[in-house]
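K.L.:
3D model of this:
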Amino acid sequence: MYINDKSVSVVIPCYKVTKHIQKVISLIPSFVDHIICVDDRCPENSGQFIKENVSDPRLIVLFNEENKGVGGAVMRGFQYVVDNDLSDIVVKIDGDGQMDPGLISSFLDPIVVGDADYTKGNRFYNPKDVAQMPKIRMIGNVGLGFCNKFSSGYWNVFDPTNGYLAVTSYTLSQLNFSVIHNRYFFETDMLFNLHLIKAKVVDVPMKATYADEVSNLSVGHSLLTFGFLHLRNAFRRIFFEYYLRDFTLGSIALPVGLFLLTFGFIFGLHTWITNIAYNVITPAGTVMFSVLPIILGFQLILTFLYQDMISVPQKVITPRIRKISNKRK
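P.N.:
Alright, predicted model coming up:
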């Protein structure tokens, strides 16, 4: 065990990972109690391959009857842990060899000391590591990272597509898995749902390894598809947190700011086009009548963003986990 009377499970979604999965499992530290591999209807029969070639006694292999995507596979593992009260902390890593199992303890530390309910990897802490990241992935992750901050409400975290994470079983038990996205939007949709239950999320610096696998995720398609999903989540989160659950200064600042900004822009554009058509000089008063709402609207939106940024959950929701024991290896 890693901590006194507390156990740790590792969930690995398996889809076309037979080339790397044996090594990944062999590198998982001994303090991990259970290793749950979920065969997501893999065409390579990853689950059966693991059962036949890996003899680790900690191993549990689950099979999805149909392909549910990486999110669906991970949530199958999460649900298994929660339903069977299998462990207190769950770590998720991929089976393609990109995530170093040796970093698991780094993801557990903030949770063990009571500083987080959920930890996630961030490959953007070290400039040296960022320079080694494939440029197309870096551009896509940066763009999606800013969208993720606004839609999830976690302004303190980045690298939303990073799937290396750890979470308490208690936190998982508070989530409704049926509403979380099953496929590549899983990591960011998790953050959105975590914010709704006010879970504390902490970034963990890490270095990713890019091997010979080919990603099935198109950056262009991701920016378009994920962009829409981020807008949907942002609207839902703001409506729930600022109008249904509570009512704050931000609840007033956002709609008023958007109205003034829109009014000033439309009025100014309409006046400018009309005066050009009639070759008329726009009076200073008319210009101010357009500019002033834009300035005030922009300031009110900044007020809302400031309110949103300081509202990031700062307290853990998980009951206190006892200190690390000397059994850590």
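K.L.:
pretty sure K120 sits in a strand.
P.N.:
Yes. The assignment for K120, made by DSSP: H, G, I helix; E, B strand; the rest coil, places it in a strand.
K.L.:
residues contacting the closest residue to it other than its chain neighbours?
P.N.:
Setting aside the residues directly before and after it, K120 is nearest to L165 in space (CB to CB, 6 or more residues apart in numbering), at 4.5 Å. Any C-beta I mention is one placed from the backbone N, CA and C, and that applies to glycine too. With contacts taken as CB atoms under 8 Å, 6 or more residues apart in numbering, L165 has the following neighbours: V91, K92, F107, Y118, T119, K120, G121, E187, M190.
K.L.:
ramachandran angles for the residue lying closest to F49 once chain neighbours are set aside?
P.N.:
On the basis of CB to CB, 6+ apart, the spatially nearest residue to F49 that is not a chain neighbour turns out to be T18, at 4.9 Å. For T18, the backbone dihedrals (degrees, to the nearest 10) come out as phi -60, psi -20.
K.L.:
so how many other residues sit close to T18?
P.N.:
16 (other CB atoms under 10 Å).
K.L.:
can you map out the helices along this protein?
P.N.:
Secondary structure of the chain, counting by DSSP state H: helices at 21-26, 46-53, 69-83, 104-112, 127-132, 135-152, 169-173, 186-196, 219-239, 249-277, 284-309.
K.L.:
least confident of those, on average?
P.N.:
Among the helices of the chain, helix 127-132 carries the lowest mean pLDDT, at a mean of 68.
K.L.:
would you mind giving the domain segments of this protein?
P.N.:
Domain ranges of the chain: 8-218, 247-309, per automatic domain parsing.
K.L.:
not counting sequence-adjacent ones, nearest residue to the residue minimising distance to the centre of the chain?
P.N.:
By CA atoms, centre = their mean, the chain has its centre lying nearest to T188, at 3.3 Å. With CB to CB, 6+ apart as the criterion, T188 has its nearest non-adjacent residue at 4.4 Å, and that residue is P160.
K.L.:
same thing with I180?
P.N.:
Counting by CB to CB, 6+ apart, D189 is the residue found nearest to I180 once chain neighbours are left out, at 5.1 Å.
K.L.:
what is the burial count for the one you found?
P.N.:
Burial of D189, expressed as a neighbour count using other CB under 10 Å, amounts to 25.
K.L.:
so what's T262 up against?
P.N.:
Taking CB under 8 Å, 6+ apart as the criterion, T262 is in contact with G297.
K.L.:
oh, I was asking about S152
P.N.:
Listed by CB under 8 Å, 6+ apart, the contact set of S152 reads P160, T188, L191, F192, L194, H195, N233, R237.
K.L.:
same thing with M206?
P.N.:
Applying CB under 8 Å, 6+ apart to M206 gives the contacts D100, L103, S106, G121, N122, R123, Y125, N162, Y164.
K.L.:
pretty sure the first one contacts V24?
P.N.:
In other words, D100. No. Between D100 and V24 there is no contact, the gap being 9.4 Å when judged by CB atoms under 8 Å.
K.L.:
of the two, who's got more company?
P.N.:
Legend: neighbour count by other CB under 10 Å for D100 and V24, higher for V24 (24 against 17).
K.L.:
which residue packs closest to the more buried one, ignoring adjacent ones?
P.N.:
Counting by CB to CB, 6+ apart, the nearest residue to V24 once its immediate chain neighbours are dropped is G95, at 5.4 Å.
K.L.:
coming back round to it: pLDDT check: weakest of the contacts of M206?
P.N.:
When these are compared on pLDDT, Y125 comes out lowest, with 78.
K.L.:
for that one, give its distance to S178.
P.N.:
With distances taken as CB to CB, to the nearest Å, Y125 is found 34 Å from S178.
K.L.:
distance-wise, check A166 relative to I28.
P.N.:
In this structure, A166 and I28 are 13 Å apart, going by CB to CB.
K.L.:
out of these two, which sits in the more crowded spot?
P.N.:
Between A166 and I28, counting by other CB under 10 Å, A166 is the more crowded of the two (29 against 20).
K.L.:
that one: what's it in contact with?
P.N.:
Applying CB under 8 Å, 6+ apart to A166 gives the contacts I89, V90, V91, K92, I104, F107, L108, I111, Y118, T119.
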